[in-house]
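>>> My questions are about this predicted structure, shown below with the sequence.
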Amino acid sequence: MPDVLSENITKAFLIVLDETFNQVRGIYLDKGDSLFETLATITAAEASVPVGGKCATLAAQVKHVAFYLDVVVQNVRDQQYHKVDWGEIWRTVKQVTPEEWEQIQAELRVSYQAILQLLEGTTTWENEMQIGGAMGMIAHTAYHLGEIRQALCTLRD
């Protein structure tokens, strides 16, 4: 049976994660600024432009977030850290078709659901690494959401 503190920590993470991905609750984002709301406004053409001519495309940003979430789930389930090529996505995800852009967004939704299941299944928060990992996951996603939103300012200027 989960203790009250662990239950509250899980609820808090789920609320902030929901704001980050789905629906602004006023915790830290402005209305309409969640990740999925933002992605719904981006075309495949926009997702294919490397911002500033040198940086990653928005498609790569989104694919990276999904990959990161998948790695977190795998590491938690296996209780070990797997070596991965963090640079592959940045090197390979460039221009995308409308179908590929939809697929990247669908993959992110699947990865997000896996994270939700992982958090919802967490009945105890046993150490600072576990709590820090969840905080880091939210911070990492929020960082990339900021990157995407900032890039849109440049792309749509």
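That came through fine. Numbering: from 1, shown residues only.
>>> Quick one: residues contacting residue 92.
With contact set as C-beta atoms under 8 Å, 6 or more residues apart in numbering, residue 92 has no partners. Every residue, glycine included, has its C-beta placed from N, CA and C.
>>> And for residue 128?
Counted by C-beta under 8 Å, 6+ apart, residue 128 has zero contacts.
>>> And residue 39, by the same measure?
Counting by C-beta under 8 Å, 6+ apart, residue 39 has contacts 62, 105, 108, 148.
>>> By neighbours, which of those wins?
residue 62 (27 neighbours; other C-beta atoms under 10 Å).
>>> That residue in helix, strand or coil?
Assigned by DSSP: H, G, I helix; E, B strand; the rest coil, the conformation of residue 62 is helix.
>>> I figured it was touching residue 105, is that so?
Yes - with contact defined as C-beta atoms under 8 Å, residue 62 reaches residue 105; the gap is 6.6 Å.
>>> Quick check on the closest residue to residue 84 other than its chain neighbours: phi, psi?
Leaving out its chain neighbours, the residue that sits closest to residue 84 by C-beta to C-beta, 6 or more residues apart in numbering is residue 71, at 5.7 Å. Phi and psi for residue 71, reported as degrees, to the nearest 10, are phi -60, psi -40.
>>> burial count for residue 71?
Quick note: residue 71 (other C-beta under 10 Å) scores 15 neighbours.
>>> What pLDDT does the model give it?
Looking at residue 71, its pLDDT is 95.
>>> before we move on, what about the one 10 residues further on?
Reading off the confidence values, residue 81 has pLDDT 84.
>>> cool, and residue 55?
Residue-level pLDDT assigned to residue 55 equals 87.
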